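# next one to model:
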Amino acid sequence: MSMTLWLNIRDDETYESNGEDHSAVFYLQEPLDALADKLNVTPLSAFYDDTDVRYNMDETGEFDDAEEGWPASAANWFPAEAVLSSVSVILDHLQTNPEALTTTDGWKQEDVIEDLTDFKSELERAAAQSKTVHLCIVM
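Numbers count the residues shown, from 1 in each chain. Okay, here's the model as predicted:
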């Protein structure tokens, strides 16, 4: 089963997703969290949300009342500015330090840079509108 991250942006009781595959960030969570600690920023995994996985694997009835998809109120949301701050610091560091990240399972630092660049672009837009966001774990 393949996992990835999507950036979801909340708009009141709805949310939008850019639907882009950010698997490198998901699969390199541990070295990215270690790098975030080294850079003294909040780890990206602190902004993860598993609501989509819970919805798709629901055996508890948690989402029985959901008509179309999971409700925005069921998820954890974070200020876009906070996520943007961590993404920006980590991205800047990776772009200026070509061997800063321990890579594994075929994922390379360049893959992470590509994912973070996409996140940053969307986060800048969301932050300008004072939105909340999360990095949604998707299977």
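# beta partners of residue 11?
Under DSSP bridges, the beta-bridge partners of residue 11 are residue 14.
# distance of it from residue 134?
Distance of residue 11 to residue 134, given as CB to CB, to the nearest Å: 13 Å. C-beta here means a position set from N, CA and C on the backbone, and glycine is covered the same way.
# those two - which one has more neighbours?
The neighbour comparison of residue 11 against residue 134 (other CB atoms under 10 Å) goes to residue 134, with 24 against 12.
# I figured the more buried one was touching residue 46, is that so?
No - using CB atoms under 8 Å, residue 134 is not in contact with residue 46, being 10.1 Å away.
# count the neighbours of the closest residue to residue 50 other than its chain neighbours for me.
Excluding its sequence neighbours, the residue lying closest to residue 50 (CB to CB, 6 or more residues apart in numbering) is residue 137, at 5.0 Å. Using other CB under 10 Å, residue 137 has 18 neighbouring residues.
# partner strands of the helix or strand where residue 137 lies, with direction?
Assessed by DSSP states H and E, residue 137 sits inside strand 132-138. In the sheet, strand 132-138 lines up against strand 4-11 (antiparallel), strand 48-49 (parallel), strand 78-79 (antiparallel) (DSSP bridges).
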